[in-house]
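[1] Mind folding the following:
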Amino acid sequence: MPFIHALVSSPRFDEGLAAEIATTLTELAGRHLGKAVAVTAVAVEPVSAAHWFVGGRSLASLDAASFQVTIRVTAG
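    This next block holds a predicted model:
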């Protein structure tokens, strides 16, 4: 069963965006990794722009948004 963890820092983060991200990542895992979508788990986690840093500067100070995705796949 694949597990996908998405960290998202965006001023427009809400339940709708989280659901859209989860659906898209599930579909991509099925299409490109050949994994069954019925058993693909996805966690979408918001991160405050004040707590996400790039080059030592927060996304808030850069007026930027970002994301990071980790995929763990077990054998089988």
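
[2] where exactly do the strands run in this protein?
    Assigned by DSSP state E, the strands in the chain fall at 3-9, 41-46, 53-54, 57-58, 66-72.

[3] want to throw those into a markdown table with mean neighbour count, distance to residue 35 and mean pLDDT?
    Backbone N, C-alpha and C define where each C-beta goes, glycine included. Below are the strands of the chain laid out as a markdown table (neighbours: other Cβ atoms under 10 Å; distance: least, Cβ to Cβ, whole Å; pLDDT from 0 to 100):
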| stretch | mean neighbour count | distance to residue 35 | mean pLDDT |
| --- | --- | --- | --- |
| strand 3-9 | 18 | 10 | 98 |
| strand 41-46 | 15 | 11 | 98 |
| strand 53-54 | 12 | 31 | 98 |
| strand 57-58 | 13 | 35 | 98 |
| strand 66-72 | 13 | 9 | 98 |
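
[4] Including distance to residue 16, could those strands go into JSON lines?
    As requested, those are exported to JSON lines (distance: least, Cβ to Cβ, whole Å):
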{"stretch": "strand 3-9", "distance to residue 16": "12"}
{"stretch": "strand 41-46", "distance to residue 16": "11"}
{"stretch": "strand 53-54", "distance to residue 16": "26"}
{"stretch": "strand 57-58", "distance to residue 16": "25"}
{"stretch": "strand 66-72", "distance to residue 16": "16"}
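
[5] out of these, which comes closest to residue 15?
    strand 41-46 (9.5 Å; Cβ to Cβ).

[6] neighbouring contacts of the closest one?
    Applying Cβ atoms under 8 Å, 6 or more residues apart in numbering, the external contacts of strand 41-46 come out as 1-10, 13, 18, 21-22, 25-26.
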